[in-house]
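**Student:** sequence-free structure coming up:
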């Protein structure tokens, strides 16, 4: 078994469109943390889901949401509400697991960091 870690994916969210942030390859098990960071001067709403689909950029089905319409404050919020982390998600490449993200407007970055085993 080989274990490695680090950044597994990164993207800038596309307005009102589901995008795949990370999908492990077949035979890979990943434990991940997803971070969302709002760079906009305006508040944004985000969604994060864990889906099982072979398709690229799939729309989540009922029961697959991890966060739904979670507000991120405008960039520079002194209370740190312009950043959100979701930890401990486990993805299995053999099940076509993937993390998809959605945002209400531009300037929200998503990163996926974690450890993979194969």
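**Tutor:** Yes, it's here. Computed from a prediction, not measured in an experiment: that's the story for all the values here. Residues are numbered from 1 along each chain as shown.
**Student:** Only C-alpha atoms from now on, for both contacts and neighbour counts.
**Tutor:** Noted.
**Student:** Residue 35: neighbouring residues, count only.
**Tutor:** 16 (other C-alpha atoms under 10 Å).
**Student:** Phi and psi next, for it.
**Tutor:** phi -120, psi 130 (degrees, to the nearest 10).
**Student:** So it versus residue 74, what's the distance?
**Tutor:** For residue 35, the distance to residue 74 (C-alpha to C-alpha, to the nearest Å) stands at 16 Å.
**Student:** Flag every buried residue along stretch 56-63.
**Tutor:** Neighbour-count burial for stretch 56-63 flags 57, 58, 59, 60 (criterion: 16 or more other C-alpha atoms under 10 Å).
**Student:** Check stretch 64-71 too.
**Tutor:** 65, 71.
**Student:** what is the mean pLDDT for that stretch?
**Tutor:** The predicted model assigns stretch 64-71 a mean pLDDT of 97.
**Student:** Number the chain from 59, please
**Tutor:** Got it, the first residue is 59 from now on, which makes the last one we talked about stretch 122-129.
**Student:** List the contacts of it.
**Tutor:** With contacts defined as C-alpha atoms under 8 Å, 6 or more residues apart in numbering, stretch 122-129 is touched by 101, 102, 103, 104, 105, 106, 107, 108, 109.
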